[in-house]
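# show me the folded form of this:
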Amino acid sequence: MGSDFKKIQEGDVTAFRQFFKDFYPSLCFFSNKILHDEAAAKDIVQEAFICLWNKKNDIYCIHSAKSYLFKFVKNRSLNYLRDNHSKSKVKPEELDNNYSYHDFAIENETYCIINSAIQTLSPREKQVIELILDGFKNPEIANQLDVSINTIKTLKSRAFKTLRTTLNGVSFQLFSLFYPEIFN
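Alright, predicted model coming up:
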């Protein structure tokens, strides 16, 4: 990945797209955790990548780039809360003092592992899990997919079984911590 950042510094758009693809989802997840506003989170993350591209010659390694993105997204998300008087569950001062790049790096890696495991599910199971992650309940999912609630329960059960196997015990416990809405 270090050599890929050198390519980014040289203006390689393909390398930048891959870097974007690798880190965009977890940065959106992080920002949305603060904002509880998916659209605003996506806007902030996109802005972060634009700024990174414009400053690519001032950043010397992949770790600095990740740190820059994290700080940018964190600060812009906090500013958004302040400026829009949002009713976030997260207090800006708590996040500012208690959430570090190291925490983000661990959370990002966990997110990537979980997301990778979700991608191994059958298309229908994946669809059900993604809808659950979007906040839909079993009856809403059944209605949206035009199937019975029992079908949703079966797909959900199979997906959990696959995820438990794919993620092993400890990772599956992390999955349940990161996505408690699935287990309700």
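# elements contacting the helix or strand hosting I113?
Using DSSP states H and E, the element containing I113 is helix 101-119. If you count contacts as 3 or more C-beta pairs under 8 Å, 6 or more residues apart in numbering; DSSP states H and E, helix 101-119 packs onto helix 13-35, helix 62-84, helix 123-133, helix 149-178. Every residue, glycine included, has its C-beta placed from N, CA and C.
# weakest of these in terms of mean pLDDT?
Among the helices and strands packed on helix 101-119, helix 149-178 carries the lowest mean pLDDT, a mean of 79.
# name the element the closest residue to S148 other than its chain neighbours belongs to?
Once flanking residues are discounted, S148 sits nearest to A142: 6.0 Å by C-beta to C-beta, 6 or more residues apart in numbering. According to DSSP H and E, A142 maps onto helix 138-145.
# show residues contacting that helix.
The contact list for helix 138-145 (C-beta atoms under 8 Å, 6 or more residues apart in numbering) reads 124, 127-128, 131-132, 136, 148-149, 151-153, 156.
# break the chain down into its domains, please.
Structurally, the chain divides into domains by automatic domain parsing as follows: 1-99, 101-184.
# adding mean neighbour count, write those out as CSV.
Output for the domains of the chain, formatted as CSV (neighbours: other C-beta atoms under 10 Å):
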stretch, mean neighbour count
domain 1-99, 16
domain 101-184, 15
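# quick one on the thing from earlier: widest-spaced pair of the contacts of helix 138-145?
Within those, two members stand farthest from each other by C-beta to C-beta: I132 and S148, at 16.4 Å.
# any idea how far the residue of the chain most remote from its centre lies from L155?
Farthest-out residue of the chain from its mean C-alpha position, per C-alpha atoms, centre = their mean: S148, at 29.8 Å. From S148 across to L155, the span is 11 Å (C-beta to C-beta, to the nearest Å).
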